[in-house]
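Participant: Kindly generate the corresponding structure for this input.
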Amino acid sequence: MQNCFNRFIGATIGLLFLLIGIPSQDCAWAMDQHTWTSQEKVVLRSLWLGSLGPLPVDPSNKYSDNARAAALGRKLFFEDKFSGNQKVSCATCHREDYFFTDNLPLSHGMATTPRRSMPLIGVAYNSWFFWDGRTDSLWSQALGPIENKLEHGISRTMSAYIISKYYREEYKEIFGELPDFMEDAFPQHARPAHDDPDALKAWVLMTPEQRADVNRVYVNMGKAIAAFVRTILPQPSPFDHYVEQILSEESMTNRMALTDDEARGLRLFIGKAKCTNCHNGPMFTNSDFHNLGLQAKNDKKKDTGRADAITQVLSSEFNCFGKYSDANPDECLELRFIETSEEKYVGAFKTPTLRSVTERPPYMHAGQFATIREVLEFYRSKASNPELGHDKLTDEELGLLEAFLHSLSSPVTSLQEEVRNR
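Facilitator: Numbering: from 1, shown residues only. Sure thing, here's the model as predicted:
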């Protein structure tokens, strides 16, 4: 009865406003902020975590849902032996206490990188990985930082040694026997590196069989880490509880999960501000690449983003088509139908998830903005950018959008302790 009364009052006020000539936008603001049309409810449902669905299958990694692989992957994720100074792990730049990213404008492993770390919340729902999408699977993404001198700074051969020495039994239970890695046959610095002639020479001098042995262990390491990363998922936020209330048509009382200002910000988010053009679906991202006209601070060389990554992912030995993939070629749909226009993607970067976004500054691919408010003001200043397309927003409306974004914060869960210890 109360809900019907609220709807009647809201509709009556709206009609009166229209009759006396007050614009429909002002009318909407004057009405109950917790009353939504059937079309708006469809949009809210599409953003609701309850619509996320099961984890997508990764045909290129047959171990992606293997509990033992995930348990090993978690250990490898936090293992700092996989670095040149034995102080850097995956968790250095993807901190468990910071929503699996870090708080730096530019991430720092062995040295400072040109971009910041991406959050790993729900990343298994993505099709492309890194800011530029230069890999097409979680397991191939996990391998890139290992041999990057700025990140972990070691070789795939050294990685195989570490697996052999410290994780041999766990590895064997999942992937089978390990070869004997002898120093004279498997030089620890060997890798197919174009930036290190000595490492490249050592790699070339190994036999094809030895290189295949190293690659197989290296790939399985990535597949185990990916199995763990798939378990990093968001839990319901106040926004999600609010959508449940709206869809169940609960009475509009002060027990609503969102405040009036947060609800007004949500209305802007799905309406006037056009945020759902890029931040849509339960993970609040379209997983696509956009050029926002941003450049890293003090960056002498322009970061071309997705443009250069297209060739990288197509030529990678670890892509879905490669011999280390467990997929049939016809299962590699993203790679088969990849958009190859480099010109289109110059300076474009992936849209990150907005889940818990206010809890993990700074923002953008190189940490250009320290606060969410700065991001919103930047978007407003670039309203003419076709990649953004936002209408003019007032300072008050920016504040309401920011209020709504706080409602997306929630705990993040990953592989639990009892599973890790099996």
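
Participant: Could you pull up phi and psi at L52?
Facilitator: phi -60, psi -40 (degrees, to the nearest 10).

Participant: Would you quantify the distance from it to M158?
Facilitator: Distance, L52 to M158, using C-beta to C-beta, to the nearest Å: 38 Å. Every C-beta, even on glycine, is put in place using the N, C-alpha and C of the backbone.

Participant: And these two? Which one has more around it.
Facilitator: Set L52 next to M158 and count neighbours by other C-beta atoms under 10 Å: M158 wins out with 26 against 15.

Participant: so how many other residues sit close to E151?
Facilitator: 23.

Participant: list the contacts for it?
Facilitator: V88, C93, S107, G109, M110, T113, P145 (C-beta atoms under 8 Å, 6 or more residues apart in numbering).

Participant: switch the cut-off to 7 Å
Facilitator: G109, M110, T113, P145 (C-beta atoms under 7 Å, 6 or more residues apart in numbering).

Participant: can you give me the strands for the stretch 151-300 of the chain?
Facilitator: All strands of the stretch 151-300 of the chain, identified by DSSP state E, counting those that start in this stretch, fall at 233-234, 289-290.

Participant: For the last one, which strands pair with it and how are they oriented?
Facilitator: This points to strand 289-290. strand 349-350 (antiparallel) (DSSP bridges).

Participant: got a winner among the contacts of E151 for most neighbours?
Facilitator: Neighbour max across the contacts of E151 (other C-beta under 10 Å) = P145, 25 neighbours.

Participant: any idea how far the spatially closest residue to that one that is not a sequence neighbour lies from I270?
Facilitator: Nearest non-adjacent residue to P145, counting by C-beta to C-beta, 6 or more residues apart in numbering: E151, 3.9 Å away. Here E151 is placed at a distance of 38 Å from I270 (C-beta to C-beta).

Participant: Y363 too?
Facilitator: With C-beta to C-beta as the criterion, Y363 and I270 are 21 Å apart.

Participant: What's the separation between the closest residue to T101 other than its chain neighbours and T353?
Facilitator: Nearest residue to T101 in three dimensions, chain neighbours excluded: P119, at 4.3 Å (C-beta to C-beta, 6+ apart). Distance, P119 to T353, by C-beta to C-beta: 6 Å.

Participant: Equivalent analysis for N319, please.
Facilitator: Counting by C-beta to C-beta, the gap from N319 to T353 is 23 Å.

Participant: who has more neighbours, those two?
Facilitator: Per other C-beta under 10 Å, whichever of N319 and T353 has more neighbours is T353, with 25 against 22.

Participant: Ends of stretch 201-212, what's the gap?
Facilitator: End-to-end distance for stretch 201-212: 16 Å, by C-alpha to C-alpha, to the nearest Å.

Participant: Next: stretch 228-246.
Facilitator: Terminal residues of stretch 228-246 are spaced 34 Å apart (C-alpha to C-alpha).

Participant: Mean confidence (pLDDT) on that stretch, please.
Facilitator: In this model, stretch 228-246 carries a mean pLDDT of 97.

Participant: Tally up the residues packed near the residue lying closest to A190 once chain neighbours are set aside, please.
Facilitator: Leaving aside its chain neighbours, A190 sits nearest to A202 (3.8 Å; criterion: C-beta to C-beta, 6+ apart). A202: 19 surrounding residues under other C-beta under 10 Å.

Participant: which residues touch A202?
Facilitator: Contacts of A202 (C-beta under 7 Å, 6+ apart): P187, H189, A190.

Participant: most surrounded residue in those residues?
Facilitator: A190 (26 neighbours).

Participant: check contacts around that one.
Facilitator: S155, T157, A199, A202, W203, M206.

Participant: Among those, which lie within helices?
Facilitator: Among these, the ones falling in helices (DSSP state H) are T157, A199, A202, W203.

Participant: gap between the third one and Q210?
Facilitator: Spelled out, that is A202. For A202 relative to Q210 (C-beta to C-beta), the value is 11 Å.

Participant: go on, D198?
Facilitator: For D198 relative to Q210 (C-beta to C-beta), the value is 17 Å.

Participant: More neighbours: which of these two?
Facilitator: Neighbours around D198 and Q210, counted as other C-beta under 10 Å, are more numerous at Q210. The numbers are 18 against 11.
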